[in-house]
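A.B. asks: Here's my sequence, what's the structure:
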Amino acid sequence: MAEAPTSLEDKATGQKRLENTEFVYKIAYGSVAFWLGKKADEYHSHRWTCYVRNPENKDMTHIVDKVVFKLHDSFPNPIRVLEKPPYELTETGWGEFEIGITIHFTEDSGEKPIEVFHPLKLYEDQVVHERQSTKKAVVMESYDEAVFSEPVEAFYNRVSAIDPPMAVPSDITPLLPTPNEAPELAKINAARRSVLQQIQYLSTDAGATAVGATPGS
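C.D. replies: Below is the predicted model of the structure:
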């Protein structure tokens, strides 16, 4: 029988955190774009929606407090805050650019927000303007993980006891891809392993330096 994780007190906040424990929450984010066809003009060729969702389309409100989208400065009010689902932002425009997305977690998580960046995609690869269709969406989606290391005990117990319902479908839900997280998660896990190896190397190197040092050196 596995031992229950031990808790330790966060001296900065007074909250109890679970030692040697991780809580991992999967996140999908991306965009869906349509060419406007005859309605297009020089500055508004596409209608697009940038979004954040759970890869299984489950409700996120037990973990996510709000999502902030940072658009190109040419948009009016380029910082948009969404405090309830669906976490979707729809606009029109003509150019592709990188959208900053900041995901804030519920207050009881005790965690800082995470920031990701999504390259807005309006055109299919190697598709010329004349061949675009107003009925075919250009969809681009990425996956990531929010890793809560040594999570707040009360938060961990709360979210672990919740089986979130399916999120209310939106207009873009039928267009979103079936999650194929394997390639993205393989990259994430490889990056995490690399970080852990660096930490172990630095710890070993620091220990060796301490052993080799002489008093007063």
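A.B. asks: Distance across stretch 60-68, terminal residue to terminal residue?
C.D. replies: Taking Cα to Cα, to the nearest Å, stretch 60-68 runs 15 Å from one end to the other.
A.B. asks: Buried residues of it, list them for me.
C.D. replies: 60, 63, 64, 65, 67, 68 (16 or more other Cβ atoms under 10 Å). All C-beta atoms are positioned from the backbone trio N, CA, C, and that covers glycine.
A.B. asks: Can you point out the helix or strand that includes the fourth one?
C.D. replies: So that's residue 65. Element membership of residue 65 [criterion: DSSP states H and E] is strand 64-70.
A.B. asks: next helix or strand past that strand?
C.D. replies: Next in sequence after strand 64-70, counting helices and strands by DSSP H and E, comes strand 79-82.
A.B. asks: and that following strand, what does it pack onto?
C.D. replies: Counting contacts by 3 or more Cβ pairs under 8 Å, 6 or more residues apart in numbering; DSSP states H and E, strand 79-82 is packed against strand 64-70, strand 87-93.
A.B. asks: Going by residue numbers, what spans are helices in this structure?
C.D. replies: Secondary structure of the chain, counting by DSSP state H: helices at 153-160, 182-212.
A.B. asks: and those, which one is worst for confidence?
C.D. replies: Lowest mean pLDDT of these: helix 182-212, a mean of 57.
A.B. asks: still on that earlier bit, by contact count, what packs against the strand holding residue 65?
C.D. replies: Counting contacts by 3+ Cβ pairs under 8 Å, 6+ apart, strand 64-70 packs against strand 46-53, strand 79-82, strand 87-93, strand 98-105.
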